[in-house]
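Chemist: next one to model:
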Amino acid sequence: MKRYFAFYGDQYYPERGMGDFIGSYESREGAIESIKNKHLERGNILDDFSTKWFQVFDSKKIEVIYEG
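Modeler: Next comes the predicted model:
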């Protein structure tokens, strides 16, 4: 596993935990980009995150470093 873990899911009906796991990445930027790509893949407008949740977790610092 790489340092940064990306998660993306539905806000109201989440798959829970690892079901929303996209992947692990070497950089924070790579993890954030994967969230944006997942959002586009699902046919949503990139700026409209209102019905979704997303996080990037830093496994070295043990904290969420990007979320919405």
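Chemist: quick one: low-confidence ranges for the protein?
Modeler: 12-16, 44-51 (pLDDT under 70).
Chemist: and E33, how far from I62?
Modeler: E33 sits 22 Å away from I62 when distances are taken as C-beta to C-beta, to the nearest Å. All C-beta atoms are positioned from the backbone trio N, CA, C, and that covers glycine.
Chemist: could I get the full set of strands for this protein?
Modeler: Counting by DSSP state E, the chain has strands at residues 4-10, 21-25, 52-58, 63-67.
Chemist: which of the ones you listed sits most buried?
Modeler: strand 4-10 (a mean of 21; mean count of other C-beta atoms under 10 Å).
Chemist: list of residues touching that one?
Modeler: Strand 4-10 is contacted by residues 15, 19-28, 30-32, 34-35, 38-39, 51-59, 65 when judged by C-beta atoms under 8 Å, 6 or more residues apart in numbering.
Chemist: same thing but at 6 Å, please
Modeler: 15, 20-22, 24-25, 28, 31, 34-35, 38, 53-57 (C-beta atoms under 6 Å, 6 or more residues apart in numbering).
Chemist: and those, which is closest to M1?
Modeler: Set against M1, the nearest of the contacts of strand 4-10 by C-beta to C-beta is S24 (4.6 Å).
Chemist: for Q11, which non-adjacent residue is spatially closest?
Modeler: W53 (4.9 Å; C-beta to C-beta, 6 or more residues apart in numbering).
Chemist: end-to-end on stretch 39-54?
Modeler: 10 Å (C-alpha to C-alpha, to the nearest Å).
Chemist: hmm, back to that, which one of E33 and I62 has more residues nearby?
Modeler: For E33 versus I62, the count of surrounding residues by other C-beta atoms under 10 Å is larger for E33: 13 against 7.
Chemist: what's the spacing between the more buried one and L40?
Modeler: Counting by C-beta to C-beta - E33 and L40 are separated by 11 Å.
Chemist: kind regards, and thank you for your time.
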